[in-house]
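*Asks:* Need the 3D shape of this:
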Amino acid sequence: HQHTTKWLRWQRRLVGNNKRAVKGEFLLLASGEFMSLRSDIEVSRKRLCINTQDFSEVAHFAYKTILKKIWNRFTKLGHKAEDYFWINSHIENAIGYQPKSGEATGAILKDIVPPCDKVWFVGQQTMNEQPKYWLYEGALHAVVEILDDMYFFDFYIVEKKFNWIVSENHHGILIASGEP
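*Replies:* The predicted model follows:
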């Protein structure tokens, strides 16, 4: 299978020590607080003219259930995961890859992630010294466009049937687990 081959090829890329260039910077408000990642994602979605059928925030009444399914499937943290920073360091059976200089995360994701209708996308930020996870549903192409438009932040892309997860941490290291 072509995508399994690409995934395996990506698994072999475990050596590399350069981070990709930062696309932007966190915006600091006059109050000294960082703008919300949620707001920044929405600004990016609108700037890129991505419609809400291709990328939208999951309803607040549903997001906790979906996040719990993701954390239960891919980590040992289970329901406690929402209290942890950097859940990607707790992903079970994970492989990692640090892109070489000039390698764009979006291009790598397009190369290794199998085509699928929609994915879960989770963005992580720190709010009031606590982790906060923003959950979206979107087409992979829209997720990649938004990621390519934004600054570094920990994110998770999960296949809707929970077969695989791909994450990038704030150091630019890609982490994956599951079967494509």
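
*Asks:* Show me where this structure has its helices.
*Replies:* Secondary structure of the chain, counting by DSSP state H: helices at 2-11, 37-47, 60-74, 105-112, 140-149.

*Asks:* State the mean pLDDT of the last one.
*Replies:* Mean per-residue pLDDT for helix 140-149: 93.

*Asks:* among the helices of the chain, which is nearest residue 174?
*Replies:* Counting by CB to CB, residue 174 lies closest to helix 105-112 out of the helices of the chain; the figure is 6.6 Å. Where you see a C-beta, it was placed from the backbone N, CA and C, and this is true even at glycine.

*Asks:* orientation of the closest one relative to helix 140-149 in degrees?
*Replies:* 150 degrees (axes from the mean of the first three to the mean of the last three CA atoms, to 10 degrees).

*Asks:* distance between helix 105-112 and the chain's centre?
*Replies:* In terms of CA atoms, centre = their mean, to the nearest Å, the centre of helix 105-112 is found 12 Å from the chain centre.

*Asks:* swap in stretch 159-178?
*Replies:* Mean C-alpha position of stretch 159-178 versus that of the full chain (CA atoms, centre = their mean) differs by 7 Å.

*Asks:* Can you tell me the number of residues neighbouring residue 176?
*Replies:* Neighbour count for residue 176, taken as other CB atoms under 10 Å: 23.

*Asks:* do the same with residue 60
*Replies:* 8.

*Asks:* And for residue 92?
*Replies:* Residues lying near residue 92 (other CB under 10 Å) number 12.

*Asks:* Likewise for the one 5 residues further on?
*Replies:* The local packing of residue 97 (other CB under 10 Å) involves 21 other residues.

*Asks:* pLDDT value on it, please?
*Replies:* Residue 97 is assigned 88 on the pLDDT scale.

*Asks:* didn't it look like it was pressed against residue 169?
*Replies:* No - using CB atoms under 8 Å, residue 97 makes no contact with residue 169, being 11.4 Å away.

*Asks:* what sits against residue 58?
*Replies:* Neighbouring residues of residue 58 by CB atoms under 8 Å, 6 or more residues apart in numbering: 66, 120, 135, 136, 137.

*Asks:* residues near the last one, how many?
*Replies:* Pointing back at residue 137 there. Count around residue 137 with other CB under 10 Å applied: 20.

*Asks:* From residue 73, how far off is the closest residue in space to residue 108 that isn't next to it in sequence?
*Replies:* With CB to CB, 6 or more residues apart in numbering as the criterion, residue 108 has its nearest non-adjacent residue at 6.2 Å, and that residue is residue 99. Separation of residue 99 from residue 73 (CB to CB, to the nearest Å): 26 Å.
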